[in-house]
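S.K.: Sequence and computational prediction follow.
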Protein chains: 2
Amino acid sequence: MGRSQTFETDRVVRSAREVFWRSGYESASVPALEAATGLNRSSLYHAFGSKRGLFDAAVQSYLDEVVRPRLRPLVADDVAPGALVDYLTGLRAALARADEVQGSAGCLLVNTCGSPLASDDAVRQTVADYRAELRAAVRRGVAAMRPDAATSDVDRLADVCTALVISAFTLVRVDPPAALQSLDTAVAVLAH
Amino acid sequence: MGRSQTFETDRVVRSAREVFWRSGYESASVPALEAATGLNRSSLYHAFGSKRGLFDAAVQSYLDEVVRPRLRPLVADDVAPGALVDYLTGLRAALARADEVQGSAGCLLVNTCGSPLASDDAVRQTVADYRAELRAAVRRGVAAMRPDAATSDVDRLADVCTALVISAFTLVRVDPPAALQSLDTAVAVLAH
DNA sequence: CCTGTTGTGCAACGGTCGTTACACAATCTA
DNA sequence: TAGATTGTGTAACGACCGTTGCACAACAGG
């Protein structure tokens, strides 16, 4: 079968993900990706085909290792009443850490919304799916918190909460206090 | 005094603004700016110093000609009770028009949040100020609608409304129905 | 061991980026 | 009108972009 590769794909994708996350797709240069992954362009292109291919792998990795683990308690078979507030406070803590990726760069997928890459149909679909997944998870959290609420109220609360989360992701790079405030408001709305 | 310029600065800035709005700062190429404005690079650089200088002028133009006219009823001396709902429905109508800039590109400033330009302190400040201006206007709208509400409730409603608007701007490029839904939710929250 | 296949390193590709130098045209003041 | 000053056009700059070809190294199967 020939020579076997000397690197772990997951580790490489994770490193590249960090670069895309911080810089955005367009501004993540191939030299920067080489430096972060420790691989030569030759190996990157051989393994992922193109910069875009590496980005797609990074997005999948982001969904699997960053987004979904945090949403897990909200998509479990039975959702705890406080699961949504836990999610919001956990996210708040993550966004407050300016030294970590999430705190300084927000959300990889939300960031691509304003990028030229948002013209790509596949990327659009991915981000739209991500939003729907987030919205569905939040809705389950609301329902668990308010078992007796009317469906329309649950939906409205879910929409509000989801928007507050997306707004926090959007703002965190530019106005961190406003982003945290957004999540605090989500908790306040739920407590009310 | 020397030769006088043959173009109207406002018109040129407006054309450039459209390009930055649609493409984002990084992907708005100088040739594209030349084509849109009808000016040679030489004239652009002479008048604005750099691509960044032209962008700054475009942002000011955006604030003065796009953002503030729409917010005007909310920052007037006396605010009508329905001013905020009018703002939201007007914005909804604008975002629904996919053939217009606003409908297909959202908000010039929100779009820069995810861009590498968001690392620039001046840009960060501009966007943060914009958000604060929007938030203050929305708050006045809420207060006019609910004259007897407690301050904390007005603040919370303002935060929710502002986040729903920002979320709509963020999403409109990727998931237009979700963006419109976000604004509908804002109206619903206020009606409740 | 030999052969075929696959991963890695080096170097260069054509293209585009934002910016600038310089010559010329045009319009001001004196 | 003379001269200084300012706007416009042409052409090129060096730097960087993502991508590719090619030679070589390493491991698979027989």
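M.R.: Perfect, thanks for sending it.

S.K.: Need the residues that contact the helix ranked longest in chain A.
M.R.: Identified as the longest helix of chain A according to DSSP state H is helix A:121-145. Applying C-beta atoms under 8 Å, 6 or more residues apart in numbering or on different chains, the contact partners of helix A:121-145 are A:59, A:63, A:67, A:71, A:74-75, A:78-85, A:87, A:109-110, A:112-113, A:117-118, A:149, A:154-155, A:157-159, A:161-162, A:165-166, A:190, B:171, B:173-175, B:178. In short, each C-beta sits where N, CA and C put it, glycine included.

S.K.: isn't residue A:180 right up against residue A:169?
M.R.: No - in this structure residue A:180 lies outside contact range of residue A:169 using C-beta atoms under 8 Å: 11.8 Å.

S.K.: Just give the number of residues close to residue A:53.
M.R.: Neighbours of residue A:53 under the rule other C-beta atoms under 10 Å in any protein chain shown: 13.

S.K.: what's the helix or strand for it?
M.R.: Take DSSP states H and E as the rule and residue A:53 turns out to sit in helix A:51-62.

S.K.: starting at the chain centroid, how far to the helix or strand that that helix is followed by?
M.R.: Scanning forward in sequence from helix A:51-62 by DSSP H and E, the next helix or strand is helix A:68-75. Here the centre of helix A:68-75 is set off from its chain's centre by 12 Å, with C-alpha atoms, centre = their mean, to the nearest Å.

S.K.: Give me the buried positions along stretch A:121-138.
M.R.: By 16 or more other C-beta atoms under 10 Å in any protein chain shown, the buried positions in stretch A:121-138 come out as A:123, A:124, A:126, A:127, A:128, A:130, A:131, A:134, A:135, A:137, A:138.

S.K.: and that stretch, anywhere near DNA strand D?
M.R.: No - judged by C-beta under 7 Å from any atom of the strand, stretch A:121-138 stays clear of DNA strand D, getting no closer than 14.6 Å.

S.K.: before we move on, the earlier item: how big is the angle separating the helix holding residue A:53 from helix A:68-75?
M.R.: Interaxial angle of helix A:51-62 relative to helix A:68-75 (axes from the mean of the first three to the mean of the last three C-alpha atoms, to 10 degrees): 40 degrees.

S.K.: what about helix A:51-62, near DNA strand D?
M.R.: Yes - with C-beta under 7 Å from any atom of the strand as the criterion, DNA strand D is reached by helix A:51-62 at A:51, A:52.

S.K.: Need the residues that contact that helix.
M.R.: Here helix A:51-62 makes contact (C-beta under 8 Å, 6+ apart) with A:10, A:13-14, A:16-17, A:20-21, A:25, A:28, A:30, A:33, A:44, A:48, A:108-109, A:126.

S.K.: Would you show me how to pick out the buried ones of the residues you listed in PyMOL?
M.R.: To isolate the buried members of those in PyMOL, using 16+ other C-beta under 10 Å:
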select buried, chain A and resi 13+14+16+17+20+21+25+28+33+44+48+108+109+126
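
S.K.: By pLDDT, rank the contacts of helix A:51-62 and give me the bottom one.
M.R.: Minimum pLDDT for the contacts of helix A:51-62 is recorded at residue A:10 (94).

S.K.: Chain neighbours aside, what residue packs nearest to that one?
M.R.: With sequence-adjacent residues excluded and distances taken as C-beta to C-beta, 6 or more residues apart in numbering or on different chains, residue A:10 is closest to residue A:61, at 7.4 Å.

S.K.: gap between the one you found and residue A:75?
M.R.: 19 Å (C-beta to C-beta, to the nearest Å).

S.K.: Among these two, which residue is more densely surrounded?
M.R.: Ranked by neighbour count (other C-beta under 10 Å), residue A:61 and residue A:75 place residue A:61 first, with 19 against 14.

S.K.: Check what pLDDT the more buried one gets.
M.R.: Note on residue A:61: pLDDT of 97.

S.K.: again with the one 5 residues further on
M.R.: Each residue has a pLDDT score; the one for residue A:66 is 98.

S.K.: The one 10 residues further on now?
M.R.: Per-residue confidence for residue A:76 comes out at a pLDDT of 96.

S.K.: May I have the phi/psi pair for the closest residue to it other than its chain neighbours?
M.R.: In space, not counting the residues next to it along the chain, residue A:76 is nearest to residue A:83; the distance is 8.0 Å by C-beta to C-beta, 6+ apart. Phi and psi for residue A:83, reported as degrees, to the nearest 10, are phi -60, psi -40.

S.K.: Having no further points to raise, I will conclude here.
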